[in-house]
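**Student:** Following is a predicted model, sequence given first.
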Amino acid sequence: MLRSMFVGVSGLKAHQMRMDVIGNNIANVNTAGYKASRVTFQEMLSQTTRGATAPTANRGGSNPQQVGLGVQLGSIDVKHTQGNTQSTGYITDLAIEGDGFFILAEGEDGLNRLYTRAGIFGLDSGGTEGNLVSLVNGMRVMGYRAENGIIDYTSLKPLYISGSQTIEARATDQVVFGGNLDSRYTEGTGVRRTVQVYDSLGTEHTIVVDLTKTN
């Protein structure tokens, strides 16, 4: 009798842990980057009252008689599934589609790294310094910087976005059109396409291209 009571208590304790995990998942339903967890159980111990017997020429074998002595927590697994993305209204907020994590670190050396799916980012010092940091803990967001248009994949460095730096205007020097025209067009049918280009001062202009079906 006492043994069955202790077995029942082990079940209550194990399922209490399961309810705790479920409650935590519900509490974090609006937490950015949160990944839900699940609980699995396993038998704690079994008592064998009679062993198994092997089959013989005249009689088949028999299974052992075993009494389970309770349940225990097997594992708590994190389900890394893709969540729904939504607009936050902040241009510095980011989201990862598919697998992967953002890398956060302290200082220029990138030590003491943390990995997160929560892309709640902003610029430090009210946006004047330009370092992209996590608004949760203030750690800097790491990435591969581009030097002279070439991305350096050899080392991770803090990402920096200048609030005052400007890009020198560059005039459009080439426009490429590609595609197919409908062969059913009759002679004289016109098709118009437009493209935006920029001059050396950065002013935008519109080029209009008219195509006419000929014989």
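**Tutor:** Great, that's in hand. Residues are numbered from 1 along each chain as shown.

**Student:** switch to C-alpha atoms for all contacts and neighbour counts from now on
**Tutor:** Noted.

**Student:** next one: phi and psi at the residue of the chain positioned farthest from its centre?
**Tutor:** Distance to the chain centre peaks in the chain at Asn58, reaching 62.2 Å (criterion: Cα atoms, centre = their mean). Dihedral pair for Asn58: phi -110, psi -10, per degrees, to the nearest 10.

**Student:** Give me the pLDDT value at it.
**Tutor:** For Asn58, the model assigns a pLDDT of 86.

**Student:** try the one 4 residues further on
**Tutor:** For Ser62, the pLDDT comes out at 86.

**Student:** That one contacts Thr56, doesn't it?
**Tutor:** No: the pair Ser62 / Thr56 is not scored as a contact, 10.7 Å apart, by Cα atoms under 8 Å.

**Student:** the strands in this protein, which residues?
**Tutor:** In the chain, the segments counted as strands under DSSP state E are 37-43, 46-50, 65-68, 71-78, 102-106, 111-116, 121-123, 132-134, 140-143, 146-147, 150-151, 157-158, 190-198, 204-212.

**Student:** any idea how the chain splits into domains?
**Tutor:** 2-78, 82-166, 169-215 (automatic domain parsing).

**Student:** next one: the longest one to chain centre, how far?
**Tutor:** Once both centres are worked out by Cα atoms, centre = their mean, to the nearest Å, domain 82-166 turns out to sit 14 Å from its chain's centre.

**Student:** try stretch 200-211
**Tutor:** Relative to its chain's centre, stretch 200-211 lies at 39 Å (Cα atoms, centre = their mean).

**Student:** what residues does it touch?
**Tutor:** 169-172, 190-199 (Cα atoms under 8 Å, 6 or more residues apart in numbering).

**Student:** what stretches of this protein score poorly on pLDDT?
**Tutor:** Scanning the chain with the threshold set as pLDDT under 70 gives 108-110, 126-128, 163.

**Student:** Nearest residue to the residue nearest the centre of the chain in space, please, no chain neighbours.
**Tutor:** The residue lying closest to the centre of the chain (Cα atoms, centre = their mean) is Ile96, at 4.1 Å. Take Ile96 and drop its neighbours on the chain: the residue closest to it by Cα to Cα, 6 or more residues apart in numbering is Arg117, 7.1 Å away.

**Student:** ok, the one you found - contacts?
**Tutor:** Neighbouring residues of Arg117 by Cα under 8 Å, 6+ apart: Ala32, Gly33, Tyr34, Ala95, Ile96, Gly100, Phe101, Phe102.

**Student:** If we use 10 Å, what do you get?
**Tutor:** Going by Cα atoms under 10 Å, 6 or more residues apart in numbering, Arg117 touches 32-35, 80, 94-96, 99-103.

**Student:** State the distance from it to Asn24.
**Tutor:** The gap separating Arg117 from Asn24 is 18 Å, by Cα to Cα, to the nearest Å.

**Student:** coming back round to it: so which of the contacts of Arg117 is surrounded by the most neighbours?
**Tutor:** Across the contacts of Arg117, the neighbour count under other Cα atoms under 10 Å reaches its highest value at Gly33, namely 21 neighbours.
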